[in-house]
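Student: Please work out how this folds:
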Amino acid sequence: MKKDYRLYELNDEEFEDFVVRLCLRWLGQGVTPFATGKDGGRDGKFHGKANCFPSAVGAHEGHFVLQAKHVAAPNMSCSDNEFERLLKNEHQKIKRLIEDGICEHYIVFTNRKLTGGADKKLIKQLMQLGLKSAAIIGVERLHLALEDDPALRESLPNKEDKSPFRFEPDDLVEVIGAFHDYTKSDDGDGFDSAHDFEKISLKTEKNKLNGLSKTYYEEIIINDSMPYFHRIEAFLKNPRNDAFRDLYHDAADELKQKILVNRSKFETFDDVFAFLYEAVQKQRTALRGKRRLITILLHYMYSNCDIGSKRAAEKPLNADT
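Tutor: I've put the predicted structure just below:
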């Protein structure tokens, strides 16, 4: 079984750094690291003859533009509509670079899975812009490069990470801060401990499926967190909070997938909550006076089925709970 180098655990800057290190090998020492351009996009660059890309005997020469498209979740694909939209959003910029004479070869690096069908379709669209060559380097090719190069493997920032998985808590921290301000505003009524939770009360089967103990659910989620759930729901539905709702769903989607993949590393889902709390609360300065909201928001995610398995089919095959 091939090793998973967990590139989805890297943040965007770490992934860009990894791509630059790879391009130093494939293209040469003249690679310019990723920098923000006038349009807000981040490109890496190279000008000259490549060392060995696409091969040693047929190396390209000219102006190269490099793009890194990282996704903080496993099992994503280049066949996803979202990825095609990301590339199409680059088309106008690529045309301008071609017109300026500084883009002949365009290479996209992504930690998504690349299928043959998606490869042909997306490359065809890029070539129609007037490029001399275009390439999409998916996670399979990146893993091969890591297997072949011990020094490149050693450069990965998560190679010795002992935690079950890594995730970026920044989005959650922003949502928690905004929700904390919301609770102090006049946008709604106060917390209602008598709120009817029947519609969001979890089935015993779901807690059993996820390995959440009855004690944790009844004494912590029901007693301590549920009285706040209707305010979170109101906060997320308020049109003025659209940006924070998007951050919430981005964070929830990342966590759901990473928990699913790594669930077997935790004995119970109680332990998952404890791990997530510790990871988020490390941003103590930003969360001063707000840390109690961390568990409330995580419990809301679980109760709202944004994280945790809802059905047996979602349970990882190697999970032991």
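Student: list the contacts for the residue lying closest to F244 once chain neighbours are set aside?
Tutor: Nearest non-adjacent residue to F244, counting by C-beta to C-beta, 6 or more residues apart in numbering: A178, 4.7 Å away. Bear in mind the C-beta positions are built from the backbone N, C-alpha and C, glycine included. For A178, the contact set (C-beta atoms under 8 Å, 6 or more residues apart in numbering) comprises 235, 241, 244.
Student: Let me know the distance separating A178 from L297.
Tutor: Using C-beta to C-beta, to the nearest Å, we find A178 at a distance of 11 Å from L297.
Student: List the contacts of V71.
Tutor: Counting by C-beta under 8 Å, 6+ apart, V71 makes contact with 8, 110-112.
Student: ok, so of the residues you listed, who is nearest T183?
Tutor: Relative to T183, the closest of those is Y8; by C-beta to C-beta it sits at 33.1 Å.
Student: now that closest one: how far from R311?
Tutor: Going from Y8 to R311 by C-beta to C-beta gives 23 Å.
Student: hmm, back to that, could you point out which element follows the host helix or strand of the residue nearest to F244?
Tutor: Assigned by DSSP states H and E, A178 belongs to helix 170-183. As assigned by DSSP H and E, the chain's next helix or strand after helix 170-183 is helix 204-210.
Student: Show me what counts as buried in that next one.
Tutor: Buried residues in helix 204-210, defined by neighbour count with 16 or more other C-beta atoms under 10 Å: 206-207, 209-210.
Student: Could you do stretch 285-294 as well?
Tutor: When neighbours are counted by 16+ other C-beta under 10 Å, the buried residues of stretch 285-294 are found to be 287, 290, 293-294.
Student: cool, stretch 11-24 as well?
Tutor: For stretch 11-24, burial by neighbour count (16+ other C-beta under 10 Å) applies to 14-24.
Student: Please narrow the residues you listed to those residing in helices.
Tutor: 14-24 (DSSP state H).
Student: For E99, state which of those is nearest.
Tutor: C23 (24.0 Å).
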